[in-house]
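Q: Okay, here's the prediction I keep looking at, along with the sequence it came from:
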Amino acid sequence: MIKPASDQRDIRDLSFEELEAHLSSIGEKAFRATQIFEWIYQKNAWSFDAMANLPKELRERLKAEFLLQPNTIAEKMISSEGTTKFLFDLHDHEKIESVLIPTATRTTACISTQAGCKFGCKFCASGIGGWSRNLTCAEIVTQVLHVKEESLKHERPLSNIVFMGTGEPLDNFDNLFKAIRIINAPNGIGIGARHITISTVGLVPRIKELAKQNLQIELAISLHGFDNESRNLLMPVNRKYPFDELVDACREHFKQTKRQITFEYILIKDVTCTDKAVESLKKAFKGIVCKMNLIPYNPVSEFGHKTPSREEMFRFRDQLEDAGIHATIRTPRGRDVAAACGQLRHAHKEK
Ligand code: SAH
């Protein structure tokens with residue numbers, strides 16, 4: 001990917017309103033912003049030259065001022081069930097991954113929000129290579145554009161976005177929300193807010209801010225521990241935002257938004273998939289309307305964990321259901337190309 005000249009911005013870093021304001025400042029009509037947005041986000045144009053209904057002078061001017069190019073695809077891997085993982089090489093050679101997940105009912109893009117991750121969960125590959133930087137709004141929406149283009153090869157067009165790639169979305173709040181507004185806008189990518197999910201390690205103050213965004217997006221919480229102690233061992237972030245505070249913030253979020261929260265809970269043999277865990281979750285989740293998404297542990301070579309047997313996982317689910325906690329087991333997808341939950345990496349530097 002071409003490194004920007006110092007005075008060149010990526011046009012995908014501009015919100016619709018910013019683009020309109022910029023165009024009017026150079027004496028252009030406001031409707032040009034709609035045309036440009038449609039070219040970039042609906043017709044997947046990767047260059048200003050493609051924007052046939054813009055006057056040539058405007059195209060030349062935009063070319064001089066802004067960048068608009070595809071990411072460099074360092075690698076594209078397709079799993080046996082059609083899950084496609086992209087490894088992108090950004091202009092500063094940071095590597096990020098995005099995944100297209102086609103299923104019988106929807107086509108989902110799993111998008112990264114940071115290069116690497118600072119949170120160091122003791123089961124996830126994304127934190128192993130450390131954290132480098134936040135992704136820009138342009139870098140976030142460009143991932144979606146690539147996955148959207150790829151989705152055209154499948155039966156269904158792109159329908160859902162999950163911010164479950166590398167990094168912590170709520171730790172890159174401003175760029176994330178700028179990108180979400182472009183993804184959600186009818187003249188942008190046009191994906192409904194209810195089809196967009198943010199997954200978080202549980203940054204309590206940011207969860208409180210979410211309700212103020214007035215967007216009906218889905219929230220998923222990476223819970224993974226069943227009490228304070230077990231969560232401390234698996235997720236260092238729990239020392240800052242402990243289990244009970246997190247669950248309280250979720251109760252509050254539900255009260256304010258009336259939107260049901262999904263809790264993600266990893267099933268690790270003898271660690272999180274135990275009778276003790278069921279008892280503890282029953283107590284903690286009394287009266288909370290939620291979904292519990294049980295994720296079978298996907299192997300990451302650096303950690304010694306084991307995936308429970310099918311019987312153990314189904315028994316765990318049934319015990320939660322009996323206790324009134326709605327629980328489903330997530331089907332692992334893309335394991336054969338290391339594209340499943342927790343297998344996306346930052347450590348590709350030597351490639
Ligand atoms: N930082 C955010 C976004 C990443 S989402 C968050 O943690 O929520 C990635 C999801 O995959 C999280 O729920 C994460 O906990 C889960 N995950 C991580 N490692 C995993 C592994 N080895 N097996 C299964 N799921 C894993």
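A: Arrived safely.
Q: right, and the secondary structure at the residue of the chain found nearest the ligand would be what?
A: Using Cβ to the nearest ligand atom, the closest approach of the chain to the ligand is made by Gly342 at 1.9 Å. Backbone N, C-alpha and C define where each C-beta goes, glycine included. Look at Gly342: counting by DSSP: H, G, I helix; E, B strand; the rest coil, its state is coil.
Q: wait, what's in contact with it?
A: 123-126, 266, 295, 297-298, 300 (Cβ atoms under 8 Å, 6 or more residues apart in numbering).
Q: ok, which of those also contact the ligand?
A: Counting by Cβ under 6 Å from any ligand atom, 123-124, 266, 295, 297-298, 300 from the contacts of Gly342 sit close to the ligand.
Q: will you turn these into TSV that also has distance to Thr274, secondary structure and neighbour count?
A: As requested, the ones next to the ligand among the contacts of Gly342 are exported to TSV (distance: Cβ to Cβ, whole Å; DSSP: H, G, I helix; E, B strand; the rest coil; neighbours: other Cβ atoms under 10 Å):
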residue	distance to Thr274	secondary structure	neighbour count
Phe123	16	coil	22
Cys124	20	coil	26
Ile266	13	strand	27
Ile295	16	strand	21
Tyr297	13	coil	24
Asn298	19	coil	21
Val300	21	coil	19
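Q: What does the pLDDT read for the residue of the chain closest to the ligand?
A: The score at Gly342 is 80. That number is its pLDDT.
Q: How about His348?
A: Value for His348, per-residue pLDDT: 59.
Q: Please apply the same query to Glu94.
A: 96.
Q: which residues in this structure form helices?
A: Along the chain, the segments classed as helices by DSSP state H run 16-25, 31-37, 56-65, 137-151, 173-184, 204-210, 228-234, 243-257, 275-284, 310-322.
Q: Dump those into CSV; add mean pLDDT as well.
A: Output for the helices of the chain, formatted as CSV (pLDDT from 0 to 100):
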stretch, mean pLDDT
helix 16-25, 97
helix 31-37, 97
helix 56-65, 97
helix 137-151, 98
helix 173-184, 98
helix 204-210, 95
helix 228-234, 98
helix 243-257, 93
helix 275-284, 96
helix 310-322, 97
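Q: Turn those into JSON lines, including distance to Phe48 and mean neighbour count.
A: Output for these, formatted as JSON lines (distance: least, Cβ to Cβ, whole Å; neighbours: other Cβ atoms under 10 Å):
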{"stretch": "helix 16-25", "distance to Phe48": "13", "mean neighbour count": "15"}
{"stretch": "helix 31-37", "distance to Phe48": "9", "mean neighbour count": "19"}
{"stretch": "helix 56-65", "distance to Phe48": "5", "mean neighbour count": "14"}
{"stretch": "helix 137-151", "distance to Phe48": "15", "mean neighbour count": "23"}
{"stretch": "helix 173-184", "distance to Phe48": "18", "mean neighbour count": "21"}
{"stretch": "helix 204-210", "distance to Phe48": "35", "mean neighbour count": "16"}
{"stretch": "helix 228-234", "distance to Phe48": "48", "mean neighbour count": "17"}
{"stretch": "helix 243-257", "distance to Phe48": "40", "mean neighbour count": "17"}
{"stretch": "helix 275-284", "distance to Phe48": "53", "mean neighbour count": "16"}
{"stretch": "helix 310-322", "distance to Phe48": "51", "mean neighbour count": "15"}
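Q: Could you work out which of these reaches nearest to Thr166?
A: helix 137-151 (10.9 Å; Cβ to Cβ).
Q: Just the CA trace of the closest one, in PDB.
A: Taking Å, rounded to 0.1, in the frame of the first residue of the first chain, the C-alpha atoms of helix 137-151 are listed here in PDB:
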ATOM      1  CA  CYS A 137     -11.400   5.000  10.500                       C
ATOM      2  CA  ALA A 138     -10.200   4.500   6.900                       C
ATOM      3  CA  GLU A 139      -8.400   1.300   7.800                       C
ATOM      4  CA  ILE A 140     -11.500   0.000   9.500                       C
ATOM      5  CA  VAL A 141     -14.000   0.700   6.700                       C
ATOM      6  CA  THR A 142     -11.500  -0.500   4.000                       C
ATOM      7  CA  GLN A 143     -11.500  -3.900   5.600                       C
ATOM      8  CA  VAL A 144     -15.300  -4.000   5.300                       C
ATOM      9  CA  LEU A 145     -15.000  -3.000   1.600                       C
ATOM     10  CA  HIS A 146     -12.600  -5.800   0.900                       C
ATOM     11  CA  VAL A 147     -14.800  -8.400   2.600                       C
ATOM     12  CA  LYS A 148     -17.900  -6.900   0.900                       C
ATOM     13  CA  GLU A 149     -16.300  -7.400  -2.500                       C
ATOM     14  CA  GLU A 150     -15.300 -11.000  -1.600                       C
ATOM     15  CA  SER A 151     -18.900 -11.600  -0.400                       C
END
